[in-house]
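J.: Sequence first, then the predicted structure, then my questions.
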Amino acid sequence: MRLSTTGRYAVMAMVDLARHSSGAPVALADIAERQEISLSYLEQLFAKLRRGGLVRSVRGPGGGYLLGHPAVELRISDIILAVDEPIRATRCASGSPAGCRSNRSRCMTHDLWEELGNQIHLFLSSVSLADVVSNKILGTSGHVHQQQAAIPPIGAQMRPIAAPAPAE
């Protein structure tokens with residue numbers, strides 16, 4: 001599965017917008033600085049997000065962008081699709097009977113990768129922008145990171161556990 005930079009940056013920018021808006025427009029320059037994304041790139045992304053109805057622009061002094069809908073109604077999949085990023089794991093065109101092999105047949109694992117793409121889309125459709133803003137999507141990666149911090153690296157010097165003293 002390949003989720004491009006475009007999709008990731010669009011989600012990052014929308015999370016930043018939702019987190020910093022509090023009812024007032026947010027300038028793209030501020031999002032660009034906080035997220036370390038080029039301002040010109042953000043302008044391109046927000047043009048697509050605006051066309052998709054996910055954000056609206058406010059002109060003039062103090063202008064910027066606002067969410068087009070409440071964060072709880074915006075799905076991560078909507079953001080990715082608004083910037084023209086298909087969520088797919090196969091090399092083949094989605095829904096096409098022709099496969100990606102040179103003879104136009106499907107590879108033996110086509111259905112596996114297609115179903116993975118479907119599962120990714122289902123997951124991203126189940127997550128709202130509000131979920132991400134409020135850190136409700138910790139998942140197992142946060143737990144794994146915390147557990148790994150407690151596990152010594154391979155090859156680290158380990159102290160032997162003292163054996164109990166023999167009973168007399």
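T.: The structure has been received and is ready for your questions. Residues are numbered from 1 along each chain as shown.

J.: okay, CA-based contacts and neighbour counts for the rest of this
T.: Will do.

J.: Can you pull out the residues in contact with stretch 56-63?
T.: By CA atoms under 8 Å, 6 or more residues apart in numbering, the residues outside stretch 56-63 that reach it are 25-27, 50, 64-68.

J.: quick one: buried residues of that stretch?
T.: Within stretch 56-63, the residues that count as buried by 16 or more other CA atoms under 10 Å are 56-57.

J.: Give me the average confidence score over the host helix or strand of residue 47.
T.: Under the criterion of DSSP states H and E, residue 47 resides in helix 39-51. For helix 39-51, mean pLDDT rounds to 96.

J.: Please apply the same query to stretch 83-94.
T.: On average, stretch 83-94 scores 67.

J.: quick revisit: farthest pair in the contacts of stretch 56-63?
T.: Of all pairs drawn from the contacts of stretch 56-63, the greatest distance, 15.1 Å, lies between 27 and 68 (CA to CA).

J.: Let me see the ranges of the helices in the chain.
T.: For the chain, applying DSSP state H gives helices covering 5-21, 28-35, 39-51, 76-82, 110-126, 129-133, 139-150.

J.: Quickly compare those and say which is most buried.
T.: helix 76-82 (a mean of 22; mean count of other CA atoms under 10 Å).

J.: other SSEs contacting that helix?
T.: helix 5-21, helix 39-51, helix 110-126 (3 or more CA pairs under 8 Å, 6 or more residues apart in numbering; DSSP states H and E).

J.: okay, the angle between the first one and helix 28-35?
T.: An angle of 110 degrees separates the directions of helix 5-21 and helix 28-35 when computed by axes from the mean of the first three to the mean of the last three CA atoms, to 10 degrees.

J.: before we move on, the earlier item: comparing the helices and strands packed on helix 76-82 by mean pLDDT, which bottoms out?
T.: Across those, helix 110-126 gives the lowest mean pLDDT, at a mean of 85.
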